[in-house]
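Undergrad: Sequence plus the predicted model coming up.
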Amino acid sequence: NAGVMQNPRHLVRRRGQEARLRCSPMKGHSHVYWYRQLPEEGLKFMVYLQKENIIDESGMPKERFSAEFPKEGPSILRIQQVVRGDSAAYFCASSPRGRVEEKLFFGSGTQLSVL
Amino acid sequence: AQSVTQPDIHITVSEGASLELRCNYSYGATPYLFWYVQSPGQGLQLLLKYFSGDTLVQGIKGFEAEFKRSQSSFNLRKPSVHWSDAAEYFCAVGATSNDYKLSFGAGTTVTVRA
């Protein structure tokens, strides 16, 4: 029973390029959350998705960032025209029913470095 | 909105010694409280959580935490640390049972010396 899988583990992009981060939730989980961890800071909520729906994207920058969770395949966090300030660790988590009292299962994260 | 403060950025403790990590939250009602641990290169793992009932909760790996409403605190403790406990620890809070977002503290890095 694989856990939450994120890839790639490390992603290097030059300013202006696009970054695509993938997250496959645990089997049976239809709720996915993306968090961003900046250096010396805790995790910050970005977006919450269910299959084919964005439930809450209040933590996501209005420009350049988008997320999707299609019916088939992994959830994708897409960052267009990356800037140095986007350098961070991006974590994906999943849960069975989307309730806070549930245990969130986290992936190992994608470390994005923007040159 | 709720917020979480972890006053200690870095703690060094000797192997076998006790450990206490502080966490204070700001929220009007009783929140849903969590402690997560992040080992280098790994994702976060849930240590324990508190929603209601007994204010002393037991978690995995020998950790426990105590909820103190009067102090708005949820401190994490371990009586005797092992070298494998070296990691970063995050306190997190959720506002209600319908709140699917967690607010995380900035984390405390624990170093264990032999």
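TA: Sure thing, it's come through.

Undergrad: Would you mind naming what in chain B lies close to chain A?
TA: B:4, B:6, B:32, B:36, B:41-46, B:49, B:51, B:90, B:92, B:94-107 (CB under 8 Å from any CB of the partner chain). All C-beta atoms are positioned from the backbone trio N, CA, C, and that covers glycine.

Undergrad: Filter those down to just the buried residues.
TA: The neighbour-count test (16 or more other CB atoms under 10 Å in any protein chain shown) marks B:4, B:6, B:32, B:36, B:43-46, B:49, B:90, B:92, B:94-95, B:99-107 as buried among the residues of chain B next to chain A.

Undergrad: tell me the secondary structure for the residue nearest the centre of chain B?
TA: What sits nearest the mean C-alpha location of chain B, by CA atoms, centre = their mean, is B:Trp35, with 3.5 Å. Assigned with DSSP: H, G, I helix; E, B strand; the rest coil, B:Trp35 falls in the strand class.

Undergrad: thinking it is in contact with B:Gln58, fair?
TA: No. With contact defined as CB atoms under 8 Å, B:Trp35 does not count as touching B:Gln58 (11.6 Å).

Undergrad: shared neighbours of the two, anything?
TA: Jointly contacting B:Trp35 and B:Gln58 under the rule CB atoms under 8 Å, 6 or more residues apart in numbering or on different chains are B:Leu48.

Undergrad: Where does pLDDT dip in the chain?
TA: No chain specified, so I'll use chain A. A:1-2, A:100-101 (pLDDT under 70).

Undergrad: Actually, chain B is the one I wanted.
TA: In chain B, residues with pLDDT under 70: B:1, B:28, B:96-99.

Undergrad: Surely A:Ile76 forms part of a strand?
TA: Yes. The assignment for A:Ile76 (three-state DSSP) places it in a strand.

Undergrad: Report the contact partners of it.
TA: A:20-23, A:67-69.

Undergrad: Can you give me the distance of it to chain B?
TA: Applying CB to the nearest CB, to the nearest Å, the value for A:Ile76 to chain B is 18 Å.
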